[in-house]
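Enquirer: predicted model, plus sequence, below.
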Amino acid sequence: MSEDAKTLLERAVRSLLEEVPALEPLPIVIGIELHGRGDVQQYRIENPGQKVAKGLAPGAHIRVEIRRDFFNAMVENDARVADWREAFTYGRAKATGVEQYLRLIEKVVDKAEERQRTRRARPH
């Protein structure tokens, strides 16, 4: 039995911010739609502070749509940023919203991944 969606969302956000700490101070509201069997669960994530709440996200800067079963599998398997990027690239997840925020997040994630590759290239 999987955890409830709110707990999984909190876990996914915490994991993402551990990998890309530069996103932590970004003031943003994200609306999440988890599509299940015949229903849609809506959540709101506010940053900074990583507040996750069930319900509509009016004024959300970004909206993310993802199937609930796929989201559960990603979080339960401790998906990394590269896994999430692949999900968005191949259409398993979809993000829409303010273009400037989407580009900023992509740029910050790119730089974080670049730093990770650089660190691994120089073992001590």
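Expert: Yep, that arrived.

Enquirer: what's the longest helix in this structure?
Expert: helix 99-121 (DSSP state H).

Enquirer: who does it touch, helix- and strand-wise?
Expert: strand 62-67, helix 81-89 (3 or more C-beta pairs under 8 Å, 6 or more residues apart in numbering; DSSP states H and E). (Each C-beta comes from the backbone N, C-alpha and C, glycine too.)

Enquirer: what residues sit buried inside the first one?
Expert: The reference is to strand 62-67. By 16 or more other C-beta atoms under 10 Å, the buried positions in strand 62-67 come out as 62-64, 66.

Enquirer: the longest one too?
Expert: Of the residues in helix 81-89, 81, 84-85, 87 count as buried by neighbour count, 16+ other C-beta under 10 Å.

Enquirer: how near is the residue nearest to residue 83 when sequence neighbours are not counted to residue 111?
Expert: Distances taken as C-beta to C-beta, 6 or more residues apart in numbering place residue 74 nearest to residue 83, at 6.4 Å, with adjacent residues excluded. To residue 111, residue 74 is 23 Å away according to C-beta to C-beta, to the nearest Å.
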